[in-house]
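Participant: got a predicted structure plus its sequence, pasted below:
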Amino acid sequence: MEPLVEDIERSFAEIERALSDPSLFDDQRRAVEVTREHARLKGAAELASQWRELKAQIAEAHELTGDDEPEIRDMAKAQKADAEATLPTIEEALRLAMVEADPDDHKNVIVEIRPGAGGDEAALWAGDLTHMYMKFAQSHGLRVELISTADGDAGGYKEAFFSVAGDDAFAKLKWESGVHRVQRVPQTETQGRIHTSTASVVVRPEAEDVEVQLDMNDVRVDVYRSSGPGGQSVNTTDSAVRLTHEPTGIVVTCQNEKSQHQNKDSAMRVLRTRLAEVEAEKRAAALGEQRRSAIGTGDRAEKIRTYNYAERRVTDHRIGLTIHQLDKVLQGELDDLLDALRQEEQRTRLAERFG
């Protein structure tokens, strides 16, 4: 533990020196990174200080246990026992504080939801998931902006893109990528049979302009009239926008805003984020490794959760957790699930770093 504490103290001293350098703020991006790292290390430095105080108390109390006075010996033994009982908690907190954070945790996110197997019922389920995540975000003080949707023929969505912005948005939602399966009786089912439908969720950290070098000569811009369910036109002007990034074949459409300019801006946000993801995958492949969460595979085709209406249960297959609070979960109360996922991720990362 001593080397870890020394490493924390050294790193915190270095970041404090960097933060006190007036020239730091000439580079705003670097200033943000240093400020964020300072906030992360400050808590670790405080824990390191507590650890040193406890070790000093234990050493001092140990010396006093050999005192000639029985009262002093008893007091020293009690102090030593108290300090030794507290020490493991501080050491565990220190290890957690120094587990390398995901560099994307602080970022805003763009969420993409699409129906999978199940026809109209899958589109309805995609709509239910969209509303669930929006309610979760709003309950946590995050800002939600609907970027683009395509309505399903019987309701719900054929696709939905929305952004979630605020403190550590990606850290809160990053485990939600994957296939979400629902088991329920559809409204159109006359014989009461339970159907299984799926929808896929992709949570991407939103790319900042400086992260993606985008040549607009590579982007084909098409405009057309917005359409609603069944393809009927809902706009008399060509306000909908389709962007095609020709080198990669990525296509992004946006038609929710009334203004063509607003739709193009929204589509550009999605395009930059998807291109950033492509670049991240290329870098990972070049290093011979795939950037994955320690929970599951990180594969968007992986079935991660089942929502069973008959039993009012939600099961997360990655950690084997089942809770019987389906109604609350669908209202955006995801904290029990997300807390369990975060704790499992921490345990895995601790094992990787400290064995």
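Facilitator: Cool, got the structure.
Participant: tally of neighbours for Gly66?
Facilitator: By other C-beta atoms under 10 Å, 9 other residues sit near Gly66. All C-beta atoms are positioned from the backbone trio N, CA, C, and that covers glycine.
Participant: how would you label it: helix, strand or coil?
Facilitator: In three-state terms, and counting by DSSP: H, G, I helix; E, B strand; the rest coil, Gly66 is coil.
Participant: so how far is Arg73 from it?
Facilitator: 8 Å (C-beta to C-beta, to the nearest Å).
Participant: what does Val270 give?
Facilitator: 70 Å.
Participant: what about those two, which has more around it?
Facilitator: Val270 (23 against 15).
Participant: how about the helices in the stretch 201-350 of the chain?
Facilitator: 260-286, 326-330, 335-354 (DSSP state H, counting those that start in this stretch).
Participant: what's the closest of these to Arg181?
Facilitator: helix 326-330 (13.0 Å; C-beta to C-beta).
Participant: about what we covered before: make CSV out of the helices of the stretch 201-350 of the chain and add mean pLDDT and distance to Phe170.
Facilitator: Formatted as CSV, these follow (pLDDT from 0 to 100; distance: least, C-beta to C-beta, whole Å):
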stretch, mean pLDDT, distance to Phe170
helix 260-286, 84, 11
helix 326-330, 97, 21
helix 335-354, 85, 12
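Participant: how about Lys80: what's its closest non-neighbour residue?
Facilitator: Ala61 (3.7 Å; C-beta to C-beta, 6 or more residues apart in numbering).
Participant: per-residue pLDDT, that neighbour?
Facilitator: pLDDT recorded at Ala61 is 92.
Participant: surely it and Asp74 touch.
Facilitator: No. Applying C-beta atoms under 8 Å as the test, Ala61 and Asp74 come out as separate, 11.0 Å apart.
Participant: which one of those two has more residues nearby?
Facilitator: Ala61 (20 against 13).
Participant: which residues touch the more buried one?
Facilitator: Ala76, Lys77, Gln79, Lys80, Ala83 (C-beta atoms under 8 Å, 6 or more residues apart in numbering).
Participant: any idea how far it lies from Thr86?
Facilitator: In terms of C-beta to C-beta, Ala61 sits 13 Å off from Thr86.
Participant: show me the domain layout of this structure.
Facilitator: 2-97, 103-329 (automatic domain parsing).
Participant: reformat those domains as JSON lines; add distance to Leu338.
Facilitator: Converted to JSON lines, the domains of the chain look like this (distance: least, C-beta to C-beta, whole Å):
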{"stretch": "domain 2-97", "distance to Leu338": "17"}
{"stretch": "domain 103-329", "distance to Leu338": "7"}
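Participant: most tightly packed of these?
Facilitator: Of all the domains of the chain, domain 103-329 has the most neighbours on average by mean count of other C-beta atoms under 10 Å, namely a mean of 17.
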